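Participant: show me how the following folds:
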Amino acid sequence: MLKEETVLDAATLLAEAGELSELICRSETMAHYIACKKELEQDREAQRKISAFQIKKDEYEEVQRFGKWHPDYERVTKETRQLKRELERLEVVSRFKQAEFKLEELLFEVSKIIAGAVSDTIKVPSDHPLLSVGGGGCGTGCGTGGSCGCRTS
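Facilitator: Reported below is the predicted structural model:
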């Protein structure tokens, strides 16, 4: 690793980022994710249900354009929920989702460390509601007065 006092140019920073990404790609977490993804892709029942869900999801999105006033709204909404439940009940899908979440967690934690090393006010974006956004600065917008666990100072 580099000393804190060392000033780096963009090329060096990109090279260091490349090394970090290589480490992540060689991690146990990534290997498990890839194995679960491959297993999911090779599972015929899962692929059949994924295809059926995608078709129904497209129909659902079309119905959503008109909302509850669409004549097929109730039927399509119910069928979409049912297909999603069936898909999520498959063990291979559950394993993949868990592996995907663990990889998201790893990437989020790495992002938090990098952001925190740069500044304690940098926010780390996350699309996952279970991953808390660290880095402070939250007091400017969350409105909870710090009850979310962020630093408000």
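
Participant: so where's this protein shaky on pLDDT?
Facilitator: 1-6, 128, 130-153 (pLDDT under 70).

Participant: centre of the chain versus the longest helix seen in the chain, how much separation?
Facilitator: Ranked by number of residues, the top helix in the chain under DSSP state H is helix 91-118. Taking CA atoms, centre = their mean, to the nearest Å, one finds helix 91-118 lying 7 Å from the centre of the chain it belongs to.

Participant: ok, stretch 13-33 next?
Facilitator: Here stretch 13-33 is found 17 Å from its chain centre; the criterion is CA atoms, centre = their mean.

Participant: and it, which residues are buried?
Facilitator: Of the residues in stretch 13-33, 30, 33 count as buried by neighbour count, 16 or more other CB atoms under 10 Å. No exception for glycine: its C-beta is placed from N, CA and C like everyone else's.

Participant: now do the buried residues in the longest helix of the chain.
Facilitator: 92-93, 95-96, 99, 102-104, 106-108, 111-112, 115.

Participant: what about residue 30, which SS state?
Facilitator: Here residue 30 is recorded as helix under DSSP: H, G, I helix; E, B strand; the rest coil.

Participant: my read: it touches residue 22, true?
Facilitator: No. Applying CB atoms under 8 Å, one finds residue 30 not in contact with residue 22, separated by 10.5 Å.

Participant: helix or strand for residue 19, which one?
Facilitator: Using DSSP states H and E, residue 19 sits within helix 10-25.

Participant: show me what that helix packs onto, helices and strands only.
Facilitator: Counting contacts by 3 or more CB pairs under 8 Å, 6 or more residues apart in numbering; DSSP states H and E, helix 10-25 is packed against helix 91-118.

Participant: angle of the helix it packs on against helix 10-25?
Facilitator: 150 degrees (axes from the mean of the first three to the mean of the last three CA atoms, to 10 degrees).

Participant: which other helices and strands does helix 91-118 contact?
Facilitator: Partner elements for helix 91-118 (3+ CB pairs under 8 Å, 6+ apart): helix 10-25, helix 28-42, helix 73-89.
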